[in-house]
Each structure stands twice: as C-alpha cells, then as structure tokens.
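Novice: sequence first, predicted coordinates after that:
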Amino acid sequence: MNYEINQLLKNAEGRYLTDLESQKLIGYAAGIRRRLEVARNVERAEAEIVGANMRAIKARYPELESMYGEHTNARIVRDQTFVLRYAVLAMVQRDPDFIRDKLSLWLATILAALCDLEHVIYAMEQIIEACRQHLEVEDAEELVPYLQVNLQAFEARSSTAA
C-alpha cells in the first residue's frame, strides 16, 4: 500500500480521520480506476513493449549473447518483464518506493555483479522508450515515472561502481 496512505491510517488508529486525512484518501482513491485501466493496457501491450526493448538491445549490443551465454535473451526478457510489472504495481499504488524497495535495489545489486551496467542502463532506458511507443500517451505518462525510479537506481549503482 502507498506509504503515505498507510502512515495516515496508522496515525489515525483509535480516532476518526480529520477532514484533511479524508481528502487525502479521497484523492488517492479517485484515481484508482484510471490506474487500473492503465495496468490492463500495459498488460495487453507487454509482449510488444518487451519485444521492442529486446530488438533495441540486440541492435545496440549484438555481442551480448556471446558475452553472457546462450540464456542471455531469456534472462533479459525475464528481467524487463519484472521491471515492467513492478512499475505497474507501484503506479497502481502511487508508491514509487514500492518498485525501489521491492525490485530495483535488489536487481541493481545482482546485475552489477553479473553484467556491465552500461548494458543494463540502456535496457532500462529502452523499456521507457518502448512504453512511450506502444502505449497511449496518457498511459505512458502515468507509468514512466515509476520506470524512471528503477532507472535511477541503476544509474546510482553505476556511479558508485565507477
């Protein structure tokens, strides 16, 4: 659940919500239908988004499979699918910390040990671009900030590794 909403409810235990707290909950709930619609649209476009991402990665780095082994493409698809799905969950909750805490920090640590982070950062940039290409503008605008949280985690990891 959105951290702010969770804290609001926790702080209200044993009392009634204030008008301001009620308004925050109404604001959060008001957009849930739209965010769930975006989630469904992303789900329907997932194969196109991940496929476009893979084509961009292969075009830029054709040597990846020879560098990392025969299962490289499958691992990239798996990782990019996780990134997309976790970003959607974060967007539905309106909680950028969700993707950072549940996926980005862990994945950045793992991939930093296994891969050249330049490749990973490019892949993260390309999934953002693929979302912009394969989703309606409004849907992409809703989702992309959560994907950018993930990208920032990798960029931060890369700058500390340098």
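Specialist: Good, I have the coordinates.
Novice: any idea which helix is longest in the protein?
Specialist: Under DSSP state H, the helix in the chain containing the largest number of residues is helix 32-60.
Novice: quick check: buried residues in it?
Specialist: Using 16 or more other Cβ atoms under 10 Å as the test for burial, helix 32-60 gives 35, 38-39, 41-42, 45-46, 49-50, 52-54, 56-57. No exception for glycine: its C-beta is placed from N, CA and C like everyone else's.
Novice: remind me what that helix packs against, helices and strands.
Specialist: Applying 3 or more Cβ pairs under 8 Å, 6 or more residues apart in numbering; DSSP states H and E, one finds that helix 32-60 makes contact with helix 72-93, helix 117-134, helix 137-161.
Novice: related to what we said a few turns ago, which one of the buried residues of helix 32-60 is nearest Met124?
Specialist: Nearest to Met124 among these, counting by Cβ to Cβ, is Asn53 at 9.3 Å.
Novice: in this structure, where is pLDDT below threshold?
Specialist: Scanning the chain with the threshold set as pLDDT under 70 gives 1, 108-114, 160-162.
Novice: adding mean neighbour count, write the helices and strands packed on helix 32-60 out as JSON lines.
Specialist: Converted to JSON lines, the helices and strands packed on helix 32-60 look like this (neighbours: other Cβ atoms under 10 Å):
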{"stretch": "helix 72-93", "mean neighbour count": "19"}
{"stretch": "helix 117-134", "mean neighbour count": "20"}
{"stretch": "helix 137-161", "mean neighbour count": "18"}
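Novice: redo those helices as a markdown table? Include distance to Leu8.
Specialist: Formatted as a markdown table, the helices and strands packed on helix 32-60 follow (distance: least, Cβ to Cβ, whole Å):
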| stretch | distance to Leu8 |
| --- | --- |
| helix 72-93 | 14 |
| helix 117-134 | 30 |
| helix 137-161 | 21 |
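Novice: ok, for the residue nearest the centre of the chain, nearest residue in space, not its chain neighbours?
Specialist: With the centre of the chain defined as its mean C-alpha position, the nearest residue by Cα atoms, centre = their mean is Ala87, 2.8 Å away. Computed as Cβ to Cβ, 6 or more residues apart in numbering, the closest residue to Ala87 that is not its neighbour in sequence is Tyr146, at 4.1 Å.
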